[in-house]
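need the 3D shape of this:
(4 chains)
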Protein chains: 2
Amino acid sequence: MTKARRKSPVQTISTEPDFCSIELRLRILSRLPFFAGLSPKALEAVNALFVEAGYQPGEVIYTAGSPAERLFVVAEGKVKLLQHAATGNNILLDILAPGEFFGSLAPLKPATYLDSAQAVTPACILSIRSTAFQHVLDQHPELALKTLAILGERLQSANQRVLHLSSLPVERRIACTLLKLGAKLGRRQEEGLLIDVPLSREDLADMTASTPETVSRVMSQFQAGGLIASGRQWVAIVDQAKLQALVGEE
Amino acid sequence: MTKARRKSPVQTISTEPDFCSIELRLRILSRLPFFAGLSPKALEAVNALFVEAGYQPGEVIYTAGSPAERLFVVAEGKVKLLQHAATGNNILLDILAPGEFFGSLAPLKPATYLDSAQAVTPACILSIRSTAFQHVLDQHPELALKTLAILGERLQSANQRVLHLSSLPVERRIACTLLKLGAKLGRRQEEGLLIDVPLSREDLADMTASTPETVSRVMSQFQAGGLIASGRQWVAIVDQAKLQALVGEE
DNA sequence: CGAGACGTTGAACCTATTCAACACTGGTGG
DNA sequence: CCACCAGTGTTGAATAGGTTCAACGTCTCG
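So this is what the prediction gives:
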């Protein structure tokens, strides 16, 4: 019945090995939470410290365990942040959108990265040495406060995740994860709120501490109930209210 | 066999409704990670902003959901930080030792606390309005960097917890939790490394996303293997190496 | 001394995983 | 251009790890 969905609503405009124009760089930097409110001059100085690099989908930006000496910022595209368990299974910590930072904030703090970063779409990534960034923070104390606020939010988010892993059954965890992804990466579309990133069952399993099979089962059920629409590597939220009700109000 | 353990090695020197002397306050503040390296004069100014309060074991310092407007620091005693799930079960996020802070770093960020804090032992707690603390950070930028570093560590720790919840079986999670507690709150004793805080099976269940029954079973097994010694409300690590081996090297 | 909290142990049950087989899709190379 | 094939998704059945329910023992405190 509600089976025939279109091929893949997620647009993957694959350009050349991604890079961004100077204007884009400055625009991105100025829109970054912590760089907002910086004088144009200071911003240009900061900009000069950043290096840019392009990545193709699936390409690895850094690997857990390698020496952590850079701070990265997503200028264009989406980036997966993942941890690796000894058993071989992965944990997908987050999917970062343009404007978000990752990597090592401070030098020497963790000597090595404890997560890996991988481009999901063609991406342009800016990066700076952690030491250099530390100097920037020294010179612009207001930036440190902004960064503090962001870290605080991430800590909250991580704690909420612990709460969910501890107390919610898979079905709810998946519903919740879909809603979060929708809020962050959603794009209005005829099918509903399309999660605008290639997203496999396994990705969702890695976000919910589950397995691709279980995710598939739950998603089939959601689809039958008209809550979502989904196909190969994509998901759209059709009935957000019902999904929200399922996770239980908070 | 190895059943006869002593009553309760955990000392709970219950004084009057706890308070601390002026010298202790200054000493505590000066030893706080972020206040380290502050001029004595600045430290006294900061000290003046703090208010002190005493708590009895089990007494609640603040509750999740109430307006978040203060930052707290443990001066003396131990404090439980916990989240509450809709299902009624609790998550024990951490047990804080003297010198650690909790509560609200920044005003308005989360309008309300999203965790609760409760004294585990008789405790003396210093606190300051978040707004006031924000001013302190403004005036002493180096403190913001320190705080940033600490938040970073906590974020890492939370992420590691997500990893463990996602990939380790209960037995390992419990072993790991015991080791962490031992490292943080351990006191050398004849029985081994005593975790110097009243700690029930339920507490451990709340730290490992499990149940008191399961914790009891696993702990019995650990005790039979000579890994730990334990009784009512207390645990000591007897063979740290074996316990470490069990969790799997990292 | 009694009562309530804490801890232990057993057995039934249930959720989600695991293993396995099969179907669909899209991209690649012949 | 078509056929093939690897990656992805679906579905079923068996299994296991942990929870739940329940009963009982034990300690501590008032």
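
okay, CA-based contacts and neighbour counts for the rest of this
OK.

would you mind listing what in chain A touches chain B?
Contacts of chain A with chain B, taken as C-alpha under 8 Å from any C-alpha of the partner chain, map to A:83-85, A:87, A:89, A:91, A:93, A:106, A:109, A:138, A:141-142, A:144-145, A:147-149, A:151-152, A:154-155, A:158-159, A:161-163, A:165-167, A:209-210.

and those, which of them are buried?
A:83-84, A:89, A:91, A:93, A:106, A:138, A:141-142, A:144-145, A:147-149, A:151-152, A:154-155, A:158-159, A:161-163, A:165-167, A:209-210 (16 or more other C-alpha atoms under 10 Å in any protein chain shown).

out of the residues you listed, which are inside helices?
A:138, A:141-142, A:144-145, A:147-149, A:151-152, A:154-155, A:158-159, A:161-163, A:165-167 (DSSP state H).

would you map the helices across chain A?
A:22-31, A:40-49, A:130-139, A:141-167, A:170-185, A:201-208, A:212-224, A:240-247.

tabulate those (a markdown table), appending distance to residue B:69 and mean pLDDT.
Shown next, in a markdown table, are the helices of chain A (distance: least, C-alpha to C-alpha, whole Å; pLDDT from 0 to 100):
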| stretch | distance to residue B:69 | mean pLDDT |
| --- | --- | --- |
| helix A:22-31 | 29 | 78 |
| helix A:40-49 | 33 | 88 |
| helix A:130-139 | 26 | 92 |
| helix A:141-167 | 15 | 94 |
| helix A:170-185 | 27 | 98 |
| helix A:201-208 | 33 | 98 |
| helix A:212-224 | 40 | 97 |
| helix A:240-247 | 29 | 94 |
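
tell me which of those helices sits most buried.
helix A:201-208 (a mean of 22; mean count of other C-alpha atoms under 10 Å in any protein chain shown).

does that one reach DNA strand D?
Yes: against DNA strand D, helix A:201-208 shows contacts by C-alpha under 7 Å from any atom of the strand at A:201, A:202.

is that helix positioned near DNA strand C?
No: for helix A:201-208, no contact with DNA strand C is found by C-alpha under 7 Å from any atom of the strand; the gap never falls below 7.6 Å.

hey, what's the angle from that helix to helix B:141-167? Just curious.
120 degrees (axes from the mean of the first three to the mean of the last three C-alpha atoms, to 10 degrees).

and helix A:201-208, what does it pack onto?
strand A:90-96, helix A:170-185, helix A:212-224 (3 or more C-alpha pairs under 8 Å, 6 or more residues apart in numbering or on different chains; DSSP states H and E).

ok, which of these comes nearest residue B:189?
strand A:90-96 (38.4 Å; C-alpha to C-alpha).

okay, now the sheet partners of that closest one, with direction.
strand A:79-84 (antiparallel) (DSSP bridges).

just give me how far the strand it pairs with sits from the chain centre.
Centre-to-centre, strand A:79-84 and its host chain are 9 Å apart (C-alpha atoms, centre = their mean, to the nearest Å).

okay, buried residues for stretch A:226-244 please.
A:227-231, A:233-240, A:242-244.

so residue A:210 makes contact with residue A:170?
Yes: if you go by C-alpha atoms under 8 Å, residue A:210 and residue A:170 touch, sitting 7.2 Å apart.

how many residues are close by residue A:102?
17 (other C-alpha atoms under 10 Å in any protein chain shown).
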